[in-house]
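Student: Sequence below, structure please.
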Amino acid sequence: METSLATIEIYINTQFIISAFHLSETMNLKQLDTFLLVADMQSLSRAAIASDMAQSLVSRQIAMLEKEWGKRLFDRTGRGMVLSEFGRRMYPEVKRIIDQVEQLGATAHQAAGLLTGTVHIGVLPSLARQLLPLLLADIRERAPQLRLHVTEGFSGALDEQLASGRLDMIVVNRYGSSASRGEDVLGKLDTFLVGKAGLPELAAKSLPFHSLDGIPLVLPAVPNGLRATLDVLSRRHDTKLNIVMEVETATAMKDVAAGGHAFTLLPMTAVAQEIAAGELGASLVISPGIRRTIALSVTRQRPLSEGARLVSSRVRLLALELLTDSSVV
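Tutor: Residues are numbered from 1 along each chain as shown. Below is the predicted model:
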């Protein structure tokens, strides 16, 4: 009887997974999946919401793994659940097992002509609001059984997660003339000084970079591409930046700016709705301008699945259309 290559691959993967999990009777896939979720979200409560489990059950799953392996997986800090040294060593190994399990199901469904599994994507906050609804509608139409797992964050954090294998692809900012080697350039965006609508600092449609001198700013924490670019420009143009607050999300940047006590620096894609609603105002930074190159980067840790290849092609097309739309750039 003939045996297809897909069948052979499924059999081999199945034997690998079975062998791995015969090592322990108490460990199970759910515990490993929960470990990855808590590590990615750095919070028991957020992991509980994402997995639709009680927080106590999430905590118990982690405790059972720690008991099984004999070491602490997380350090509990004021900022949430942070991987311990042991946890950082275990993360890529657990991720590899879970990826094998997902690939097993995806291979079987692909052999039957269906795209399934989970594709992990990282997206900039400045693009998430507009890109993600378009992407979800597109993928639901083309591959309804494919699941998207989205991480929103600044470029530095997304770069780290892509390098560690947590994400399949990321849409990020690059500053300067072009993207990094091997990345697809999706478009370029200008940077605006953003604040509460009606403030005199935003009266003109544009303002020179040196006008930022002394203005209270809320910006991402370092390391960050925008901050590195601003440091270079401020030295070059003898401009002293007054950074009064550092935050971890673009939402916080906008919220603080809307309060009227500080300004922030964002592309128009991030604030178009708030400006249309009269909540925020914006003035284009010029002389020099701060140009952002939006790039798509895919993981080099493993080959992309069929589903991930589809998603990357659709992200590329949808982002190009979004970034060339004169109403948002």
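
Student: what's near enough to touch Val222?
Tutor: 228, 246 (Cβ atoms under 8 Å, 6 or more residues apart in numbering). The way it works is simple: take the backbone N, C-alpha and C, and place the C-beta from them, glycine included.

Student: Remind me which helix or strand it belongs to.
Tutor: Under the criterion of DSSP states H and E, Val222 resides outside all helices and strands.

Student: Distance of it relative to Arg79?
Tutor: Look at Val222 and Arg79: by Cβ to Cβ, to the nearest Å, they are 16 Å apart.

Student: same check, this time on Arg236
Tutor: The gap separating Arg236 from Arg79 is 34 Å, by Cβ to Cβ.

Student: again, but for Val94
Tutor: Relative to Arg79, and taking Cβ to Cβ, Val94 is found at 22 Å.

Student: go on, Gln273?
Tutor: Per Cβ to Cβ, Gln273 is found 30 Å from Arg79.

Student: So which of the two has more stuff around it?
Tutor: Comparing Gln273 with Arg79 by other Cβ atoms under 10 Å, the one with more neighbours is Gln273, at 12 against 9.

Student: and Thr293, that's in a strand?
Tutor: Yes. Assignment of Thr293 by DSSP: H, G, I helix; E, B strand; the rest coil places it within a strand.

Student: how about the nearest residue to it, chain neighbours excluded?
Tutor: Of all residues beyond its chain neighbours, the one nearest Thr293 is Arg174 (4.3 Å), with distances taken as Cβ to Cβ, 6 or more residues apart in numbering.

Student: Now do the phi/psi pair for the one you found.
Tutor: phi -130, psi 140 (degrees, to the nearest 10).

Student: Using PDB, write out every CA atom in stretch 71-79.
Tutor: Output of stretch 71-79 as PDB, limited to C-alpha atoms (Å, rounded to 0.1, in the frame of the first residue of the first chain):
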ATOM      1  CA  LYS A  71      12.600  24.900  39.900                       C
ATOM      2  CA  ARG A  72      10.800  28.200  39.800                       C
ATOM      3  CA  LEU A  73       9.700  29.200  36.300                       C
ATOM      4  CA  PHE A  74       8.800  32.800  37.100                       C
ATOM      5  CA  ASP A  75       9.900  35.700  39.400                       C
ATOM      6  CA  ARG A  76       6.800  37.500  40.700                       C
ATOM      7  CA  THR A  77       7.600  41.300  40.500                       C
ATOM      8  CA  GLY A  78       5.700  44.500  40.700                       C
ATOM      9  CA  ARG A  79       5.600  44.500  37.000                       C
END
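
Student: As a check, name the ranges of all helices in the stretch 101-250 of the chain.
Tutor: With DSSP state H, counting those that start in this stretch as the criterion, the stretch 101-250 of the chain has helices at 125-142, 155-163, 225-236, 250-258.

Student: Any chance of JSON lines for these, columns distance to Ser45 and mean pLDDT?
Tutor: Supplementary listing: the helices of the stretch 101-250 of the chain in JSON lines, determined by distance: least, Cβ to Cβ, whole Å; pLDDT from 0 to 100:
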{"stretch": "helix 125-142", "distance to Ser45": "21", "mean pLDDT": "91"}
{"stretch": "helix 155-163", "distance to Ser45": "20", "mean pLDDT": "88"}
{"stretch": "helix 225-236", "distance to Ser45": "29", "mean pLDDT": "92"}
{"stretch": "helix 250-258", "distance to Ser45": "18", "mean pLDDT": "92"}
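
Student: Looking at those helices, spot the one closest to Val298.
Tutor: Minimum separation from Val298 across the helices of the stretch 101-250 of the chain (Cβ to Cβ) falls at helix 155-163, 8.0 Å.

Student: and that closest one, what does it pack onto?
Tutor: strand 117-123, strand 169-175, strand 292-298 (3 or more Cβ pairs under 8 Å, 6 or more residues apart in numbering; DSSP states H and E).

Student: how about a cut-off of 10 Å?
Tutor: Helix 155-163 sits against strand 117-123, strand 146-152, strand 169-175, strand 216-220, helix 225-236, strand 292-298, with contacts defined as 3 or more Cβ pairs under 10 Å, 6 or more residues apart in numbering; DSSP states H and E.

Student: Least confident secondary structure element in this protein?
Tutor: Every helix and strand of the chain was ranked by mean pLDDT, DSSP states H and E. The lowest is helix 5-21, at a mean of 42.

Student: following it, which helix or strand comes up?
Tutor: Past helix 5-21, further along toward the C-terminus, the next helix or strand under DSSP H and E is helix 29-41.

Student: can you give me the mean pLDDT across that following helix?
Tutor: For helix 29-41, the per-residue pLDDT values average out at 88.

Student: And for Asp75, the neighbour number?
Tutor: When neighbours are counted by other Cβ under 10 Å, Asp75 registers 12.

Student: ok so it is a helix residue?
Tutor: No. Read with three-state DSSP, Asp75 is strand and lies in no helix.

Student: ok, now how distant is it from Phe192?
Tutor: Distance from Asp75 to Phe192, counting by Cβ to Cβ: 39 Å.

Student: How about Ala319?
Tutor: Ala319 is 20 Å from Phe192, by Cβ to Cβ.

Student: Who has more neighbours out of the two?
Tutor: The neighbour count for Ala319 versus Phe192, taken as other Cβ under 10 Å, is higher for Phe192 (27 against 23).
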